[in-house]
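Student: need coordinates for the below:
(chains A and B)
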Amino acid sequence: MSPLSSGKKGSRHLFMGNEAIARGALEAGVRVVAGYPGTPASEIIENLAKIAKEGSRKLYVEWSVNEKVALEVASAASFAGLPTMAVMKQPGLNVAADYLLHLSGSGVRGPMVLVSADDPGALSSVNEGETRYYAKLMEIPLLEPGDFQEAKDMTTWAFKLSDTIKNVVLLRTVTRLSHASGTVVLGEIPENGSNAFFKHDGFILDPNEGAILSPPVEYKHTEQQRKLKIAEALFEDSPFNTYTGPEKPELLIITSSICSLYSKEAVSILGVRDRVGILKLGTTWPLPPKRLLKHLSSCDHIFIVEEVLPFLEDEVKILAAEHGKTLGAKFFYGKKEGYLPMVGEMNPDKVAAALSRILAMPQPGMDDVYKKRATEISFAGSPHREATFCPGCPHRASFWTLNTALSMDNRNGFVCGDIGCYSMAVLPAGFSTLKTLHAMGSGTGVASGFGKLGGFGMSQPVLSVCGDSTFFHSAIPPLVNAIHHHSNMTLVVLDNSGTAMTGFQPHPGLEKDAMGNVAEKIDIPEVCRALGAEVRVCDPFDVSESRQVLLDLMDRDGVKVLVLKQSCALSPEKKSLKKYTMSVDQSLCAGENCGCNRLCTRIFACPGLIWDKENNRSRIDEVVCAGCGVCSSICPKGAIMKKEAV
Amino acid sequence: MRILGSSELCEDVQKKDLCVDCGACAGLCPYFVSHKGKIARLFPCTLPQGRCHAFCPKTEIDLNHVSETIVGKSYDGSPLGHMRAIWKTRAGRLMQGKGAFQNGGTASSLLVAAMASGLIDAAALTRRKGLIPEPFLATSTDQILSCAGSKYMASPTLASVHEYSREKGQKLAVVGTPCQMTALGLIRMNPLGREDFHDPVALSMGLFCTWALDTRRLIRLIENRVNLQDIQSMDVPPPPSQVMTIRTCDQNLAIPLDEIRTAIPAGCSICPDMTAEFTDLSVGALEGDPSWNTLIVRTEKGESLVEEAVRQGYLERDAMRPEHLEHLRKGASAKKKRAFIMARDKHLLNTDPAKGPSALIIKEDLVKKLLGEEGSCLH
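Tutor: Below you'll find the model as predicted:
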């Protein structure tokens, strides 16, 4: 039993931020949790799914087909009176935003929390989208935990707040909170609560028994804003808003989220605790005005520390302007003044550098000897490694096929892509094959559009790629669109049998769901055929067949689908199992000579192949090689041998 | 004749649409492959010099150098190249009823004779697969006969020469268009001096060619008029006919030459060679009589094969009428002149190396002579 579910009240545990959020939800008595995988949010649902069937616990957890559906699924539980939670990474919030606008307008019944995880600096993303503005846009309260204990406590309290105001509460976490670990003192997990029942036959405007809807808009919108005022009043006394520092500081830092830890560290590095105060806000929308005004009146110099866009900064400035008469002029040091960047992840060094500038102090630096040694080691001591696909990854073989087929076809064809491990195909890892890279499913939508430009003289073949999970998430509507409009394009589904990039979460194409229950498996080729596409299925490890099939498909008009099906090299059923034992016959290897010029190590570049400098020949790195056998089919000299592994 | 790498080849040939898919660069390495009448480079290669560039008939070809090496005589711009003899020929009595020949069946008959005599073990030929021709390595009489007929489209036939050049003692016949025969000459010169190269060519036989067609462009022209898989043969009957005929099992399609010409790749427009001048033998149609061929004998080896084939009854020959020879010369010299003018206009003839690569290099006084007074030495 994991401490996530069995940890007793008052006990201390080392929890990842995402585990703390999961525990917080359990302590709030959550019954239904739905989401879509996405770093850094995935572990919240993964952890809850693992314990969902323990003992007599009544908990339903699902990986939904996409974030909008997740929000819809979770809201249904709320409508039936149950505590419920939807979980996603920030780009998923964009997907769910349409429903969220309606949901926040209609209000909820059972307490409902929406967790959205931001990835400042795009450590595991292709953007650094913002959750906070959605709170303002959707007019719902926003909570931002600043440490691990708060991640748990604030999640539990978010359910209470939702129950009080009968609307969704947004909880924002960030990568460094979700994925780092810290000690958390646990609270009580309540007994199973009441049964689900959806009351719907009361008076239409009755929030507890009527139909649930956002019209009449003016009435409901007024209600929504009234709820927000209640939240604002509660925020005034919230223990999640804390101040540390002198009563009349020289400089007031206003911060939130994980940036509060960076701020503490920076103040400590510079040794200015007696000069600088830190106002850490946990309730960042709507801001509690009285609380803020109290601190603003204590100090004229305000330094705002937050990640990416100046959300907090703008709101504080507006408040200060609104109360300019009583507060007097303030000096702000924020992003708009150039003290901190509006892009990328924050860290203590950036905060300390800005702080020393504001306080006109020498910038704290590294010890010179240490700095010199660190630079030496990082440049000379560590081998150069490209971001690349794993050894044995089907994507390397698939993009080899896509790239060589497009080159052979010779009409300047290209591939439109989206989010997955295969996004790396914009890099040499995937032979720079992807030429557009945007949101989930967007490759296919963009391809659908490109495929209609024949009338404007465009004769380039158009391909798109999506993963198997992405296919269900958001590639079906654009595929329908392309078929309906007689677009000319080929969708290549890179089916590696799981939501591989985020850790093999199940999806509708698989036989098991998040909780391990038997699920209805939906067949991708059958879906595409039923829609009217010409469909072929190949094993990407059979490079020559896949390429021939793709060449044939590209030559025909209409919408074609090629499913390249091969499990991820890291999938549980494959991991550490080698199908082939590989070797290089160095007497056959052409090395750098005309006739090869190191195709395998220079272009194909699987980490399992290495260049033997002594002999000027390739060889296999037996430790790294996954035994997929693909490299033997790309060697022009037949020097790479494969033998069935025993 | 500078030899450079694959990037220069792409820049100077592929990107200028000069590639004619002869196949000289294909099959050497994993980077160049032929697909649908064009050579594609799959990935960049970093070698400063490659056989791909050295063998390409569109990269800085010094015609004199090739002529001296392959024919043993300097390039003088004569319309039909150096020749020992020219005949009208057709399949002899031993070959009667053996195949569906385009014209007289001379090429097939000579190959069968060469194989029977042990001069060759195999022949690198081109076979029809519906519309699209494909290289075929024939090792028997039946296989030779299965390749009879004109294709009007390039196929990477030369790729199989590379295969045979890896072993000593091969006896290969290679049949192809003038550009392919030029490339074959370059291959046999072993310009990079590789020790693992063994000239496998026992017989080179060129086919007369005024132009070939780009596969994709031709497909676009005819795909709505004929089922591509059903195409059995194609022909351009001599003037005054102004059509290309395409025959399937149940259809005879005539397409005006003006339309067909839109599918000629730019590479053909700078080709000065109509009769495949760097070969042992060259074969083409005979004006006015589709049941005969024109055969040009260029080397001693070619001559002895022809004599033997005639003696044994594989080939029938007769003297060519002077006016037919005159017409052939006119046609060949017109192609030469057009090509040199086009090449010069595109800055591809004897270009100052500082200003970019040439496609063709010939002696400057010869350019003047050839392009000087209208008709002075072109006939």
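Student: how many neighbours does the closest residue to residue A:388 other than its chain neighbours have?
Tutor: In this structure, residue A:388 finds its nearest non-sequential neighbour in residue A:429, 3.9 Å apart by CB to CB, 6 or more residues apart in numbering or on different chains. All C-beta spots, glycine's among them, are computed from the backbone N, C-alpha and C. By other CB atoms under 10 Å in any protein chain shown, the residues close to residue A:429 number 22.
Student: quick check, residue A:429 in contact with residue A:390.
Tutor: No - Residue A:429 is beyond contact range of residue A:390, at 10.1 Å (criterion: CB atoms under 8 Å).
Student: please tell me how far the residue nearest to residue A:3 when sequence neighbours are not counted sits from residue A:171.
Tutor: In space, residue A:3 comes closest to residue A:13 once its chain neighbours are excluded; the distance is 4.7 Å by CB to CB, 6+ apart. To residue A:171, residue A:13 is 20 Å away according to CB to CB, to the nearest Å.
Student: which residues sit in contact with the residue in the stretch 1-150 of chain A that chain B sits nearest to?
Tutor: Going by CB to the nearest CB, chain B is nearest to residue A:126 of the stretch 1-150 of chain A, at 25.6 Å. The contact partners of residue A:126, taken as CB atoms under 8 Å, 6 or more residues apart in numbering or on different chains, are A:419, A:423, A:437-438.
Student: quick one on the thing from earlier: doesn't the residue nearest to residue A:388 belong to a helix?
Tutor: Yes - assessed by DSSP: H, G, I helix; E, B strand; the rest coil, residue A:429 belongs to a helix.
Student: what secondary structure does the closest residue to chain B within the stretch 401-550 of chain A sit in?
Tutor: With CB to the nearest CB, the shortest gap between the stretch 401-550 of chain A and chain B falls at residue A:408, namely 4.0 Å. Under three-state DSSP, residue A:408 falls in the helix class.
Student: would you confirm that it contacts residue B:40?
Tutor: Yes - counting by CB under 8 Å, residue A:408 touches residue B:40, with 4.6 Å between them.
Student: how about the secondary structure of the closest residue to residue A:635 other than its chain neighbours?
Tutor: Counting by CB to CB, 6+ apart, residue A:635 lies nearest to residue A:600, which is 6.0 Å off, once chain neighbours are set aside. Secondary structure for residue A:600, judged by three-state DSSP, is helix.
Student: if we can go back for a sec, avg pLDDT for the helix or strand harbouring the residue nearest to residue A:3?
Tutor: Per DSSP states H and E, residue A:13 falls inside strand A:12-16. Across strand A:12-16, pLDDT averages out at 97.
Student: which positions within it qualify as buried?
Tutor: Buried residues in strand A:12-16, counted by 16 or more other CB atoms under 10 Å in any protein chain shown: A:13, A:15-16.
Student: go on, stretch B:184-204?
Tutor: Within stretch B:184-204, the residues that qualify as buried by neighbour count (16+ other CB under 10 Å) are B:184-191, B:197, B:200-204.
Student: what's the answer for stretch B:300-319, then?
Tutor: For stretch B:300-319, by 16+ other CB under 10 Å, it's B:301-302, B:305-306, B:308-310, B:314-317.
Student: please apply the same query to stretch A:375-395.
Tutor: Those would be A:388-395, for stretch A:375-395 by 16+ other CB under 10 Å.
Student: report whether stretch A:535-549 contacts chain B.
Tutor: No - applying CB under 8 Å from any CB of the partner chain, one finds stretch A:535-549 separated from chain B by no less than 10.1 Å.
Student: pull out the buried positions in that stretch.
Tutor: Using 16+ other CB under 10 Å as the burial criterion, the residues of stretch A:535-549 that qualify are A:535-538, A:540-543, A:546-547, A:549.
Student: same check on stretch A:625-645?
Tutor: A:625-632, A:634-637, A:639-642.
Student: go on, stretch A:439-458?
Tutor: Those would be A:439-452, for stretch A:439-458 by 16+ other CB under 10 Å.
Student: stretch A:403-420 too?
Tutor: Buried residues in stretch A:403-420, counted by 16+ other CB under 10 Å: A:403-410, A:413-420.
Student: in the stretch 251-400 of chain A, what residue comes closest to chain B?
Tutor: residue A:400 (9.4 Å).
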